[in-house]
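>>> need a 3D model of the following:
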Amino acid sequence: MLEFFGRFHPVLVHLPIGILLVACLFLVIIRIPKFAELRPAVTVLLFLGMISAVFACITGYFLAGSGDYEAGLVSNHQWMGIGVAALSVLLLIIHKYVNADGSIPVVMALILLVLVSVTGHLGGSLTHGSDYLTAPLKGGTGAGAAIPPIPDIQEALVYQNAIQPLLKNRCYSCHGSEKQKGKLRLDLEAYILKGGEEGNTIVKGKADESELIRRLLLPGSNDKHMPPKEKPQLSQHEIALLHWWINNGAQFNKKVKELKQPDDIKIVLTALEKGSAGAVSGKLTDVPEKEVDAAKEKDITGLSNAGVMIVPVAQNSNYLMANFINAHSTADSVMDALKSVKAQLIWLKFEHRSVTDESLKNIKDCKNLMRLSLNHTQITDKGLENLIHMDQLRSLSLVGTKVSVKGIARLSKLKNLKSIYLYKTGLQRTDWNTLKKLFPKTIIDSGNYQVPTLPMDTIEVKAPTGKS
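Below you'll find the model as predicted:
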């Protein structure tokens, strides 16, 4: 409850600033004869300024208890604010009862002016960062260029050269060393992995399940959307860069060349050599050029209440992604809600223990799907028959299922299919050549990767057993 009252601090804090600044001005100019008639107004202004300063201090104290701000900076701002309130009380007493026409009130007014300015600056530093005022003088990247140019992108460290500058310029003001909204810090590896009040900020290898990505993709009107709508927003290509980094395990010491690079990311990486990912033109792949009407709010709410994570695939887009990994069930009511957004649904992670061949009948009319993941479900070749008319499908993941080459062969008429992921399926070694012939333009991913040994890898050498 106290924190609730504390949230009125940003509203109240501007009152003493404005009122006391006017009072200080009047205290100086009333010494000029033609402005002497303003003297009664000074008493009123000082009284109102004093009252508002006291309430600003009280609400500020409650807000400080939220733990969202760096303690040292909060303490400095707090004591300076108390100094403003105390000096305004003292100035009111001296002006009204002690030395109204003397020089003491003028000197005190100048001191109060300095105190108000310093306190306001410290407050601004809490909300916008300590370098908010000086960043433009240091040649900061500004709102339109979150990531500085990277001359040799393939040799660059992904986190240090791309991800960290992006987080610094878009997220540190609320989630840095001086302010931790939602008890979340994004300025150090340990804090990023720890997460905040909402749990894991990132889930390594699973960008779609990461709170960071989910918040970025929420509509700007949503209270949980990040960054706040009044601050510079990430472009869809900057979000794609974060998505790619997380999907590749959110590594903090890998070079760009060590990570797999889909076509859409290659475009972003190439642009980083010239400037920022935010400057890339064009749309992401796997997102239609033509927009659709927004889905009905009740349908999205119904899916969300059923534990289905459903968010836009990009900012300012009505196309949706649905993830069933934490869904309560795949009951008929949930499926009806899913069918109601079939026009907007283009990415679907239908990964749930209850998904069977029968379940796929519920999505066969979702013909706008471009990405479909059925990993570790109970589907078989029979279920794949429901996908044969999904002409827009570009990526299909069947990891950990019981499908065979016979079932997959039925999908060979899907001309837009670019990738099929078949690790841990029922396929035999002899089936791969058959699939390559059926899908000559499709990447058939078996998951059996050969990882090269790098100079920084640790090699364990054991002494030979037996006699030499």
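
>>> every contact and neighbour count from this point should use C-alpha atoms.
OK.

>>> show me what stretch 206-225 is in contact with.
Here stretch 206-225 makes contact (CA atoms under 8 Å, 6 or more residues apart in numbering) with 198-203, 226-229, 234, 239, 242-244, 246-247, 249, 311-316, 323.

>>> show the buried residues in those residues.
Buried subset of the contacts of stretch 206-225 (neighbour count, 16 or more other CA atoms under 10 Å): 200-203, 226-228, 234, 239, 242-244, 246-247, 311-315, 323.

>>> quick check: bridge partners of residue 310?
Residue 310 has these beta-bridge partners by DSSP bridges: residue 322.

>>> what sits against it?
Contacts of residue 310 (CA under 8 Å, 6+ apart): 300, 303-304, 320-323.

>>> one more time with 7 Å, if that's ok
300, 304, 320-323 (CA atoms under 7 Å, 6 or more residues apart in numbering).

>>> now residue 36
residue 30.

>>> if we use 8 Å, what do you get?
Residues counted as contacts of residue 36 (CA under 8 Å, 6+ apart) are 29-30.

>>> doesn't residue 175 make contact with residue 184?
Yes. The criterion here is CA atoms under 8 Å, and residue 184 meets it with residue 175 at 5.6 Å.

>>> coming back round to it: need the contacts of residue 310 in a markdown table with pLDDT and distance to residue 260, can you?
Putting the contacts of residue 310 into a markdown table (pLDDT from 0 to 100; distance: CA to CA, whole Å) gives the following:
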| residue | pLDDT | distance to residue 260 |
| --- | --- | --- |
| 300 | 89 | 33 |
| 304 | 88 | 32 |
| 320 | 90 | 25 |
| 321 | 89 | 22 |
| 322 | 90 | 24 |
| 323 | 90 | 23 |
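
>>> list buried residues within the residues you listed.
300, 304, 320-323.

>>> which one of the residues you listed is nearest to residue 418?
Nearest to residue 418 out of the buried ones among the contacts of residue 310 is residue 321 (CA to CA; 18.8 Å).

>>> how about that closest one, nearest residue that isn't a chain neighbour?
Taking CA to CA, 6 or more residues apart in numbering as the measure, residue 321 lies nearest to residue 347, with 4.6 Å between them; neighbours along the chain are not counted.

>>> so that neighbour makes contact with residue 314?
No. If you go by CA under 8 Å, residue 347 and residue 314 don't touch, sitting 11.4 Å apart.

>>> all helices of the stretch 201-350 of the chain, in order?
Using DSSP state H, counting those that start in this stretch, the helices found in the stretch 201-350 of the chain span residues 211-217, 236-247, 263-272, 297-305, 332-339.

>>> wait, which of those helices is closest to residue 94?
Short answer: helix 211-217, nearest of these by CA to CA, at 52.9 Å.

>>> restrict that closest one to CA atoms and write it as CSV.
Taking C-alpha atoms only, helix 211-217 is exported to CSV below (Å, rounded to 0.1, in the frame of the first residue of the first chain):
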residue,chain,number,x,y,z
GLU,A,211,10.3,-12.8,-21.0
LEU,A,212,12.6,-10.3,-22.6
ILE,A,213,11.3,-11.1,-26.1
ARG,A,214,7.7,-11.4,-25.0
ARG,A,215,7.7,-7.9,-23.4
LEU,A,216,9.4,-6.4,-26.5
LEU,A,217,6.7,-7.8,-28.8
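
>>> now that helix: average pLDDT?
Mean per-residue pLDDT for helix 211-217: 86.

>>> ok, stretch 24-32 next?
Average pLDDT, stretch 24-32: 86.

>>> buried residues in it?
Neighbour-count burial for stretch 24-32 flags 24, 26-28, 30-31 (criterion: 16+ other CA under 10 Å).

>>> can you give the contact residues for that stretch?
By CA under 8 Å, 6+ apart, stretch 24-32 touches 35-39, 42, 101, 105-106, 109-110, 112-113.

>>> ok, residue 163 touching residue 243?
No. At 10.5 Å, residue 163 does not count as touching residue 243 under the criterion of CA under 8 Å.
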